[in-house]
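1. Take a look and give me a structure for this.
(one chain, ligands or ions: 1)
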Amino acid sequence: MSEKSGFDAVFVGGGVIGLASAWRAAQRGARVLVLERAEPPAGATNVAAGMLAPVGELTFGRRELLDLALASAALWADFAAQVEASGGGATGFRRCGALHVALDRDEAGELRRRHDLQRELGLEAEWLTPTRCRELEPGLVPNFVGGVLAGSEGAVDPRALALALAAALREAGGELRTGTGVVDGLWDGERLAGVRTAPSALTRPSDELVQTLDVRADAVVLCNGAWSGQTAWLPEEARPPVRPVKGETVELRPREGEGAPASRIVCSERVYLVPRPDGRLIVGATQEERGFDTVVTAGGVHELLREAYRVLPDVAEMEFFGTIAGLRPGTPDNLPIVGRGAVEGLVLATGHFRNGILLTPLTAEAVAATLAGTASPAVIAEADPNRSSLVAHGAANDRRLPADRPLEASR
Ligand SMILES: Cc1cc2nc3c(=O)[nH]c(=O)nc-3n(C[C@H](O)[C@H](O)[C@H](O)COP(=O)(O)OP(=O)(O)OC[C@H]3O[C@@H](n4cnc5c(N)ncnc54)[C@H](O)[C@@H]3O)c2cc1C
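-> Numbering: from 1, shown residues only. I've put the predicted structure just below:
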């Protein structure tokens with residue numbers, strides 16, 4: 001066993017949330033170490049489509065989520081520019097806009113209802129005729145009923161983002177140790193004083209004798225996504241009530257010399273298609289409560305491709321490149337959990353469910369501020385780990401709670 005000490009914070013998990021939060025903390029002068037059991041990009045970060053879509057995701061959340069989403073969306077352009085300036089490469093960030101189309105009358109009714117709500121809330125969303133939609137996206141299916149353009153939505157490539165963040169973290173003086181899973185906590189009485197890792201499979205030859213690593217730090221940031229609810233080494237009352245919510249995406253690639261069949265995000269009620277700057281198209285996403293199952297199913301892929309074809313028929317000509325399943329970190333009220341935990345020394349940054357990529361800049365600011373003891377962005381109070389909608393559900397083990405509650409129901 002060996003020991004590392006002298007860190008201001010150790011981060012458990014190197015997905016976008018852990019990497020970005022550690023980077024922001026390092027920029028403020030904190031000595032930080034990220035422990036990631038796989039190799040970034042991993043976790044849900046490796047699967048996400050990368051939509052930055054507060055308007056489109058409105059249906060799936062509560063008013064508080066919209067506040068968080070809008071606050072984080074406003075940070076994205078600067079955030080991406082700063083990450084890229086750190087030398088880690090492009091993130092694929094673009095304000096490309098999103099077009100939501102209604103394929104039949106029923107879908108049009110639902111889209112109208114959502115559009116009314118978007119307007120009521122003062123969001124940028126414009127109802128368009130099919131002709132106007134096809135002027136914007138000529139690849140759209142010929143017959144449909146109408147669409148809503150959410151012009152300020154954006155997208156990023158989460159895999160590229162994770163790699164760029166890892167580079168930015170190192171450039172800012174932070175450390176990232178991969179292939180290193182955390183299996184236990186270190187305690188000074190009732191205070192969490194660090195973590196212990198599993199014997200590392202990727203240990204360097206010079207560290208051959210290292211079985212486990214004890215890392216002592218002033219704060220432990222739990223940012224291991226869907227797995228954070230399984231943190232058996234924390235007392236039950238300190239474990240965040242996070243459950244895995246499975247999702248599958250499909251990656252399509254353009255034929256030689258061709259681009260993606262859309263220039264902006266295109267969504268129907270059942271599918272979304274996110275173009276990457278290099279012409280790839282990410283089709284997403286299924287959503288299922290299946291525990292930690294990450295098997296890609298024929299049914300899931302069939303559903304995604306069928307629905308993609310109904311919106312943009314040209315996808316049929318694209319190369320089928322691959323498909324992947326991942327686990328969203330879901331919470332009882334669909335809001336993230338960010339702030340000081342129930343034991344001293346613990347900081348939580350988890351439960352970002354369907355919007356973790358979008359919420360990364362805001363979460364990173366909040367975690368870095370919490371660690372520095374300075375004021376966090378006010379809106380992050382909506383993600384308070386002690387909020388009543390989490391406490392009301394009591395035991396962290398109660399994972400079968402309603403998933404998508406419509407915004408209206410929460411108002
Ligand atoms: C199909 C799908 C589509 C999505 N699309 C979008 C989208 O378009 N826009 C959006 O904003 N969000 C989207 N999301 C959600 C987004 O991916 C997540 O909210 C976000 O990735 C959460 O980031 P994270 O860093 O908390 O978790 P993760 O990305 O899951 O990272 C957690 C990391 O912790 C590591 N880890 C776990 N346990 C340990 C341990 N004990 N020790 C060390 N390391 C550990 C894991 O290996 C993993 O790398 C999507 C998710 C899915 C599954």
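
2. and the one helix or strand residue 65 maps to, how far from the chain's centre?
-> Using DSSP states H and E, residue 65 falls within helix 63-83. Distance of helix 63-83 from the chain centroid (CA atoms, centre = their mean, to the nearest Å) equals 12 Å.

3. could you say what helices and strands it packs with?
-> When contacts are defined as 3 or more CB pairs under 8 Å, 6 or more residues apart in numbering; DSSP states H and E, helix 63-83 packs onto helix 158-171, helix 360-372, helix 407-410. (C-beta placed from N, C-alpha, C; glycine too.)

4. how about the helix or strand following it, does it get close to the ligand?
-> Per DSSP H and E, helix 63-83 leads on to strand 98-102 as the next helix or strand towards the C-terminus. No - applying CB under 6 Å from any ligand atom, one finds strand 98-102 separated from the ligand by no less than 10.7 Å.

5. Give me the distance from strand 98-102 to the chain's centre.
-> How far strand 98-102 lies from its chain's middle: 22 Å, per CA atoms, centre = their mean.

6. That one pairs with which strands?
-> strand 146-150 (antiparallel), strand 265-267 (parallel) (DSSP bridges).

7. Figure out which of those strands is closest to the ligand.
-> Closest to the ligand of the strands paired with strand 98-102, according to CB to the nearest ligand atom: strand 265-267, at 8.9 Å.

8. Can you name the residues in contact with that closest one?
-> For strand 265-267, contacts defined as CB atoms under 8 Å, 6 or more residues apart in numbering pick out 51, 53, 56, 96-101, 137, 140, 153, 155, 272-275, 311-312.

9. How about it, which residues are buried there?
-> For strand 265-267, burial by neighbour count (16 or more other CB atoms under 10 Å) applies to 265, 266, 267.

10. Now do the contacts for the residue nearest to residue 96 when sequence neighbours are not counted.
-> Nearest residue to residue 96 in three dimensions, chain neighbours excluded: residue 264, at 4.5 Å (CB to CB, 6 or more residues apart in numbering). Neighbouring residues of residue 264 by CB under 8 Å, 6+ apart: 96, 97, 98, 99, 136, 137, 275.

11. Show me what from the stretch 201-350 of the chain comes close to the ligand.
-> Counting by CB under 6 Å from any ligand atom, the stretch 201-350 of the chain sits next to the ligand at 223-227, 247, 249, 284-285, 326, 328-329, 350.

12. would residue 270 count as being in a helix?
-> No - assignment of residue 270 by DSSP: H, G, I helix; E, B strand; the rest coil gives coil, placing it outside any helix.

13. Now do the closest residue to it other than its chain neighbours against residue 267, distance only.
-> Counting by CB to CB, 6+ apart, residue 307 is the residue found nearest to residue 270 once chain neighbours are left out, at 4.5 Å. Going from residue 307 to residue 267 by CB to CB, to the nearest Å gives 10 Å.

14. likewise residue 330?
-> Here the criterion is CB to CB. By it, residue 330 lies 21 Å from residue 267.

15. swap in residue 121?
-> 18 Å.

16. Work out which residue lies at the spatial centre of the protein.
-> residue 356 (2.3 Å; CA atoms, centre = their mean).

17. Take the contacts of residue 264 and lay them out in a markdown table including distance to residue 387 and pLDDT.
-> Converted to a markdown table, the contacts of residue 264 look like this (distance: CB to CB, whole Å; pLDDT from 0 to 100):
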| residue | distance to residue 387 | pLDDT |
| --- | --- | --- |
| 96 | 34 | 98 |
| 97 | 33 | 98 |
| 98 | 30 | 98 |
| 99 | 35 | 98 |
| 136 | 40 | 98 |
| 137 | 40 | 98 |
| 275 | 37 | 97 |
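
18. Name the nearest of those relative to residue 291.
-> Nearest to residue 291 among those: residue 98, at 31.1 Å, using CB to CB.

19. Contact partners for that closest one?
-> By CB under 8 Å, 6+ apart, the contact set of residue 98 is 51, 53, 55, 56, 149, 150, 153, 264, 265, 266, 267.

20. Then residue 172?
-> 23, 26, 27, 86.

21. number of nearby residues for the first one?
-> Neighbouring residues of residue 23 were enumerated by other CB atoms under 10 Å; the total is 29.

22. which stretch of helix or strand covers it?
-> helix 16-27.

23. Next one: the very next helix or strand once past that helix, is it in contact with the ligand?
-> Where DSSP H and E defines the elements, the next helix or strand beyond helix 16-27 is strand 32-35. Yes - under the criterion of CB under 6 Å from any ligand atom, the ligand is reached by strand 32-35 at residue 35.

24. Return the distance of strand 32-35 from the chain's centre.
-> Centre-to-centre, strand 32-35 and its host chain are 19 Å apart (CA atoms, centre = their mean).

25. Adding mean pLDDT, write the strands paired with strand 98-102 out as CSV.
-> Converted to CSV, the strands paired with strand 98-102 look like this (pLDDT from 0 to 100):
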stretch, mean pLDDT
strand 146-150, 98
strand 265-267, 98
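
26. before we move on, the earlier item: the inter-axis angle of the helix holding residue 65 versus helix 158-171?
-> Inter-element angle recorded for helix 63-83 and helix 158-171: 60 degrees (by axes from the mean of the first three to the mean of the last three CA atoms, to 10 degrees).

27. got the angle between helix 63-83 and helix 360-372?
-> Computed with the same axes, to 10 degrees, the direction of helix 63-83 lies at 90 degrees from that of helix 360-372.

28. For helix 63-83, buried residues please.
-> Neighbour counts over helix 63-83 (16+ other CB under 10 Å) mark 64-73, 75-76, 79-80, 83 as buried.

29. Over to stretch 173-184?
-> Of the residues in stretch 173-184, 174, 175, 176, 177, 178, 180, 181, 182, 184 count as buried by neighbour count, 16+ other CB under 10 Å.

30. Narrow those residues to those in strands?
-> In strands, defined here by DSSP state E, the members of the buried residues of stretch 173-184 are 175, 176, 177, 182, 184.

31. In this structure the first one contacts residue 32, no?
-> Yes - judged on CB atoms under 8 Å, residue 175 makes contact with residue 32 at a distance of 7.0 Å.
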